[in-house]
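Asks: What follows is a predicted protein model with its sequence.
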Amino acid sequence: MLLSSATVEELDALDSFSSGQIACRGELGLLMEAARTSGQQALFEKLCFNAKIASRTFRMMQRIGKDGLGYDNLEREFLASVAACAEKMRSLNAAIPEADRQSFEQGYLTKSSKALGHFLELCRDLSWYKNWRIDHHGTP
C-alpha cells in the first residue's frame, strides 16, 4: 500500500519523538493509512489506547514475574487488551489492499509465538503513537 504524504510525515514525527524506537514502521503506517482512507480514525485511536494498556501491562507482568502479587489480575487485563487490539487490527486490516492484508494477518494476527512477538512490538509502537498524540494535544 502506498502511504500518503500525511501518513509519512506523521511516521517521521513519531520516529523522532520515540528517538528511533519504532520497530514496525511499515505496519504502523499501513494501519494509519487504512484508518485515514476508510474514515476509521476513531477506531485507530481506540486501538492505540488498548495497545498502550497491553504494552504497559505486559511490561509490569515481566517485571513482577508469575509469582508476583497481582500477577493474575494483570494477566486478565493483558489478555482483554490483547483481544481488543486484535479485534480492532482485524477491522482496520480489512481496509488494507489484499496483498498487504494477507501479509499483515500472517505476521501479526496468527496464533504463533513469532506473530505474538510482532504483535507486541506493534502494540508498543501504537503506544508511542498514543503518547505522541497526547503530547501534541491530539493533533496529527
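Replies: All right, it came through fine. Numbering: from 1, shown residues only.
Asks: how much space between residue 126 and residue 98?
Replies: 23 Å (CB to CB, to the nearest Å). Every residue, glycine included, has its C-beta placed from N, CA and C.
Asks: Of those two, give the one with the bigger neighbour count.
Replies: Neighbour count, other CB atoms under 10 Å: between residue 126 and residue 98, residue 126 has more, with 27 against 7.
Asks: Test for you: state the pLDDT assigned to residue 2.
Replies: For residue 2, the pLDDT comes out at 88.
Asks: Provide the secondary structure category for it.
Replies: Secondary structure, DSSP: H, G, I helix; E, B strand; the rest coil: residue 2 is coil.
Asks: In the chain, mark out all the helices, start to finish.
Replies: 5-17, 25-38, 41-64, 71-93, 98-108, 113-135 (DSSP state H).
Asks: Most tightly packed of the ones you listed?
Replies: Comparing the helices of the chain by mean neighbour count (mean count of other CB atoms under 10 Å), helix 25-38 comes out on top with a mean of 20.
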